[in-house]
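> Below are the sequence and a predicted model for it; my questions follow.
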Amino acid sequence: MASHYLLLNLLAMVVVIVLLCVGVKYGLDIYTHHGEGIVVPKVQGMTYNKAHLLLEQEGLVIVVSDSGYNKTLPADCILAQTPGTGTKVKQGHIIYVTVNSPMSPSFAIPDIVDNSSVREAEAKLMAMGFRLLPPQTVPGERDWVYGIVCRGRRVSNGDRIPIDYPLTLLVGGGSIGETDEFEYVDQSYSQPEEVQVDEFEVVTEPVTTED
């Protein structure tokens, strides 16, 4: 009898534990909205105000995380979004966006003037995103960068230039400029000038004869 009573208690405890686990599982699913999701709409290419209104209607939050520059798109346009289009997220999830800047970003000219070859300078500037015009040849060491011109103005190392401004490198052509004149000295051996001897007039005395 006692053993039978003990078995019933153990069975009741097992049932309670199972029911508790099932209740916790379903309770968490209800609390966290498990299985429910909002499909992230495409806001890339929209203006910020339009994207903000759309995401707000979907129960999502928009946050600007970065800015970029694309001159073919209007200012305040969404360039990128995270998470991407079609991703399922929960209500209230934050959508991070990159917004197009109204002005092109500017970068400092690296230390290339009178410090690098034309290939090195072109590689550095193009990696930064600058557009280069054909180089201009100036007197100096061949393929050595002596300056940079931007919109008709000469710029120096450290100057901040908008990324969409084209640059022209002043590159040495290996020739000597007009101001670099050298005086040529002829050091060849020359014979000394002959000394001219003045001619003397021969004077003859009259011959006298004795009578």
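Thanks, I have it.

> For Val113, which non-adjacent residue is spatially closest?
Asn157 (5.3 Å; Cβ to Cβ, 6 or more residues apart in numbering). All C-beta spots, glycine's among them, are computed from the backbone N, C-alpha and C.

> Quick one: neighbours of the one you found, just the number.
13 (other Cβ atoms under 10 Å).

> Relative to Met13, how far out is it?
Look at Asn157 and Met13: by Cβ to Cβ, to the nearest Å, they are 80 Å apart.

> do the same with Asn49
For Asn49, the distance to Met13 - Cβ to Cβ - is 60 Å.

> now swap in Arg153 and tell me
87 Å.

> all helices in the protein, in order from the N-terminus.
Taking DSSP state H, the helices of the chain run over residues 2-32, 48-57, 118-128.

> any idea which of those helices scores lowest on pLDDT?
Lowest mean pLDDT within the helices of the chain: helix 2-32, a mean of 69.

> isn't Leu125 right up against Leu132?
Yes - with contact defined as Cβ atoms under 8 Å, Leu125 reaches Leu132; the gap is 6.1 Å.

> Looking at the two, which has the bigger crowd around it?
Using other Cβ under 10 Å as the criterion, Leu125 and Leu132 rank with Leu125 on top: 20 against 15.

> Apart from its chain neighbours, what residue comes closest to Asp164?
In space, Asp164 is closest to Ser104, 4.4 Å off (Cβ to Cβ, 6+ apart).

> try Glu56
Per Cβ to Cβ, 6+ apart, closest to Glu56 is Ile62, 7.6 Å.

> what's near enough to touch the one you found?
Val43, Tyr48, Ala51, His52, Leu55, Glu56, Ile94, Ile95, Val97 (Cβ atoms under 8 Å, 6 or more residues apart in numbering).

> The residue nearest to Val113: what's it in contact with?
Ile109, Pro110, Asp111, Ile112, Val113, Asn115.

> Then Val138?
Going by Cβ under 8 Å, 6+ apart, the list of residues near Val138 reads Tyr146, Gly147, Leu170, Val171, Gly172, Gly173.

> export these to a markdown table and tack on neighbour count and distance to Lys88?
Formatted as a markdown table, the contacts of Val138 follow (neighbours: other Cβ atoms under 10 Å; distance: Cβ to Cβ, whole Å):
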| residue | neighbour count | distance to Lys88 |
| --- | --- | --- |
| Tyr146 | 15 | 58 |
| Gly147 | 17 | 56 |
| Leu170 | 18 | 56 |
| Val171 | 23 | 56 |
| Gly172 | 18 | 60 |
| Gly173 | 16 | 62 |
